[in-house]
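A.B. asks: Whatever this is, show me its structure:
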Amino acid sequence: MTTEQIGMMVLAILGWSLAGLVALFVARMAYKLFTPFDERKELTEDKNAAVGASHGMYLIAAAIILHGLIDGDRLAQTWWEDALLTAGLYILGLVLLWIGRMALRLLVKFNLDEEIHVKDNVAVGLVEGCSYIGFAIIVHATL
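C.D. replies: Numbering: from 1, shown residues only. Modelled structure (predicted):
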């Protein structure tokens, strides 16, 4: 490897790492829209482990979707077109996670939000989190 190739590789790693941090921040904001409670209050003041499990697994699911987008074939000719397309598909992936959450709410015979938010039911938080990860793997496979 030449010095120029190493420099380009380091630049690409730094660029994608920064983009990944921004993407996870966007995912965190999307989670706030998905849930009818304040996850920050639930985690810091109420120490709600069910919300922690759900939120943490949601971020893992978002990272799985992002991995599928970064690792996949380039769909555009220029880097900025590719970045815009990746961002758009990432937002679509987050919307699909929300659709998956709505489907889970229809499938279970209890109030998902009440069990996680009010009753601090860790088992239900894990079920919701695992559904996020499972759905993200399906989305990843399609990318």
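
A.B. asks: can we go C-alpha only for contacts and neighbour counts from here?
C.D. replies: Will do.

A.B. asks: OK, contacts around the residue positioned nearest the centre of the chain?
C.D. replies: Closest residue to the average C-alpha location of the chain: Ala62 at 1.8 Å, with C-alpha atoms, centre = their mean. Contact analysis of Ala62 by C-alpha atoms under 8 Å, 6 or more residues apart in numbering lists 24, 27, 93-94, 136.

A.B. asks: Can you give the distance of the one helix or strand it maps to from its chain's centre?
C.D. replies: Using DSSP states H and E, Ala62 sits within helix 49-71. Computed by C-alpha atoms, centre = their mean, to the nearest Å, the chain-centroid distance of helix 49-71 equals 4 Å.

A.B. asks: likewise stretch 89-107?
C.D. replies: Using C-alpha atoms, centre = their mean, the offset of stretch 89-107 from its chain centre is 10 Å.

A.B. asks: any idea which helix is longest in this protein?
C.D. replies: Longest helix in the chain by number of residues (criterion: DSSP state H): helix 3-34.

A.B. asks: Could you name the helices and strands sitting against it?
C.D. replies: Applying 3 or more C-alpha pairs under 8 Å, 6 or more residues apart in numbering; DSSP states H and E, we find helix 3-34 packed against helix 49-71, helix 79-107.

A.B. asks: Of those, which is nearest Glu4?
C.D. replies: Glu4 sits nearest to helix 79-107 of all those, at 18.5 Å, using C-alpha to C-alpha.

A.B. asks: No further queries at this time; thank you.
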